[in-house]
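Chemist: any chance you can model this:
(2 chains)
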Amino acid sequence: MKIATWNINGIKARAERVTAWLAATEPTALGMQEIKSVESGFPREPFEALGYRAAVLGQKGYNGVAIVARGRLDEIELGLGDGDDDPQARLAAATLDDGVRFVCLYAPNGGALGSDAYAYKLRWFERLARYLERALARHPLLCVCGDYNVAPGDRDVYDPEAFRGQVLCSDEERAAYGRLVGLGLVDLYRQLHPDGVAYTWWDYRMLGFPKNHGLRIDHALGSHALAARCRAVAVDRNARKGKSPSDHAPLVVELAAG
DNA sequence: ATGGCAATGTTTCATTGA
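Modeler: Coordinates of the predicted model:
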């Protein structure tokens, strides 16, 4: 089974491109980030026409996540559910076929170091860590996918010296990401490609994509039991090409049957 | 072929992204 994650940068602008990609790729599930729409604005029909149902946590204009899946889409959970009255829509989870628990997340960008947005980002990662502790205890086959807005290592950055200490690459952000891994999660791409370079985001400006000036900030983490089933992980760079792409490319995970 | 910001709402500019 294939599971994918993709920051689509606006469902209104990207619905046609995303549904065409689904029809061609046929994953069991896709987690989308930055739908930038309220739930009622999510175009369910073109997804349903392809056999996908949707779980949507929307927000007007910003953020917003959705999971679309064929087969099971059960035990839907929207938000971190920790009692915080955070209005930002950044996480959805559901149980898929084979009992795979799928978490779709959009971590905060963080703005500039030292800003309120940066403090919020670090707090959000701590809340996420507590959420994932609970999820790991309940779901042996956990797959946590999304836009983490952290490049974990220098090999995940096209110009490590230029980005050193900057947002997405700072020591604090990398430590926050490392604490998630420390809970018992495996970076599924890195597991299979220890020295690989597979960026998931390229700046729209300054010929970012043609020059491959990218960052690996979208990740698929898995519990150890899920990681043992992982057969392939790849970035679909073709989805970044052509007319009006998202600035992110999808990450596709292939799992062996249970 | 992969091309020099883009999406959305607050809308003819501001905000946010990374």
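
Chemist: chain A against DNA strand B: which residues are in contact?
Modeler: Residues of chain A lying near DNA strand B by CB under 7 Å from any atom of the strand: A:7, A:9-14, A:34, A:36-37, A:41, A:60-62, A:108-109, A:111, A:117, A:147, A:149, A:167-168, A:201, A:203-207, A:209-210, A:215, A:217, A:238, A:240-242, A:244-245, A:247-248. (Glycine included, C-beta is placed from N, CA and C.)

Chemist: one more time with 6 Å, if that's ok
Modeler: Contact residues, chain A versus DNA strand B (CB under 6 Å from any atom of the strand): A:7, A:9-13, A:34, A:36-37, A:60-61, A:108-109, A:111, A:117, A:147, A:149, A:168, A:201, A:204-207, A:209-210, A:215, A:217, A:241-242, A:244.

Chemist: restricted to helices, list those.
Modeler: In helices, judged by DSSP state H, the following of those are found: A:11-13, A:117.

Chemist: out of those, who's nearest A:Trp21?
Modeler: Nearest to A:Trp21 among those: A:Ile11, at 13.1 Å, using CB to CB.

Chemist: number of nearby residues for the nearest residue to the closest one once chain neighbours are set aside?
Modeler: Leaving aside its sequence neighbours, A:Ile11 sits nearest to A:Ile35 (CB to CB, 6 or more residues apart in numbering; 4.2 Å). By other CB atoms under 10 Å, the residues close to A:Ile35 number 29.

Chemist: residue contacts, A:Ile35?
Modeler: A:Ile35 makes contacts with A:8, A:10-11, A:42, A:56, A:58, A:64-66, as judged by CB atoms under 8 Å, 6 or more residues apart in numbering.

Chemist: next step: those residues restricted to strands.
Modeler: Residues of these located in strands (DSSP state E): A:56, A:65-66.

Chemist: most neighbours, which of these?
Modeler: Most neighbours among these, by other CB under 10 Å: A:Val65, with 29 neighbours.

Chemist: that residue contacts A:Asp147, correct?
Modeler: No: at 9.2 Å, A:Val65 does not count as touching A:Asp147 under the criterion of CB atoms under 8 Å.

Chemist: helix, strand or coil for A:Thr19?
Modeler: Three-state assignment for A:Thr19 (DSSP: H, G, I helix; E, B strand; the rest coil): helix.

Chemist: what distance do you get for it to A:Tyr52?
Modeler: Here A:Thr19 is placed at a distance of 9 Å from A:Tyr52 (CB to CB, to the nearest Å).

Chemist: which one of those two is surrounded by more residues?
Modeler: Using other CB under 10 Å as the criterion, A:Thr19 and A:Tyr52 rank with A:Tyr52 on top: 21 against 18.

Chemist: how about the residue nearest in space to the middle of chain A: what's its closest non-neighbour residue?
Modeler: Most central in chain A under CA atoms, centre = their mean is A:Gly146, positioned 1.0 Å from the mean C-alpha point. Using CB to CB, 6+ apart and skipping residues adjacent in sequence, the residue nearest A:Gly146 is A:Leu105, 3.7 Å away.

Chemist: so how far is stretch A:242-251 off the chain centroid?
Modeler: Taking CA atoms, centre = their mean, to the nearest Å, one finds stretch A:242-251 lying 14 Å from the centre of the chain it belongs to.

Chemist: same deal with stretch A:6-15?
Modeler: Computed by CA atoms, centre = their mean, the chain-centroid distance of stretch A:6-15 equals 13 Å.

Chemist: what's in contact with it?
Modeler: Applying CB under 8 Å, 6+ apart, the external contacts of stretch A:6-15 come out as A:17-18, A:21, A:30-37, A:41-43, A:46, A:64, A:66, A:106, A:146-147, A:200-201, A:218, A:239, A:244, A:246-251.

Chemist: any idea how far the residue of chain A most remote from its centre is from DNA strand B?
Modeler: In chain A, the greatest distance from the average C-alpha position (CA atoms, centre = their mean) is reached by A:Glu161, at 25.4 Å. Per CB to the nearest atom of the strand, to the nearest Å, A:Glu161 is found 16 Å from DNA strand B.
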